[in-house]
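Asker: dropping a prediction and its sequence here:
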Amino acid sequence: MLMKTKYHSEVEINENDIWQFENGLPGFPEEKEFCILPLQEDKGFFILQSTKTPEIAFVISNPFSFVPNYEFKIDEQTLEQLELQSKEDLQVLTILTVQDPFEKTTANLLAPLLFNVKNKKAKQMIINGSNYVTKHPLFYIKGGK
């Protein structure tokens, strides 16, 4: 399937690579199908691209690469919605807010993206009662800035 994208103009994607967000994303309830594309050749950053609207795309990454002690509990409703049977079936990514310079880029740790790799169901879950924030710095610069 040929798809227009925000960052890569047109790309060919396999329909088996489409992730289903039953309720869309917060702020984008009508966007229910996304695919994950590489950002560039850099293996640590990706694009979560809407299959319906080329302008809707988010830079994403593995939060554990930047915050090794990142942890949260998945609520029962989300476990059921994603039909998660095992933690091995779960992939966690976070949406980034890319800044210039890149060292000021932040991650939304308050609302991780959860993917069931077995059935291609996905959801952005807001963590209740957490100290995590939507703009957690990815990089700590010497001097504390």
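Answerer: Noted; the coordinates are in hand.
Asker: pretty sure M3 sits in a strand.
Answerer: Yes - M3 forms part of a strand when assessed by DSSP: H, G, I helix; E, B strand; the rest coil.
Asker: tell me the contacts of it?
Answerer: Residues counted as contacts of M3 (CB atoms under 8 Å, 6 or more residues apart in numbering) are 10-13, 35, 49, 51, 54. In this view, the C-beta of every residue, glycine as well, is placed from N, C-alpha and C.
Asker: name the nearest residue to it, ignoring sequence neighbours.
Answerer: In space, not counting the residues next to it along the chain, M3 is nearest to I13; the distance is 5.4 Å by CB to CB, 6 or more residues apart in numbering.
Asker: also Q85?
Answerer: K118 (7.7 Å).
Asker: which SSE is the one you found in?
Answerer: For K118, there is no enclosing helix or strand under DSSP states H and E.
Asker: show me the shaky parts of this structure.
Answerer: For the chain, the stretches flagged by pLDDT under 70 are 42, 140-145.
Asker: can you pull out the strands in it?
Answerer: Secondary structure of the chain by DSSP state E: the strands cover 2-4, 10-12, 18-21, 33-38, 45-50, 57-61, 90-97, 106-107, 113-116, 121-124, 136-137.
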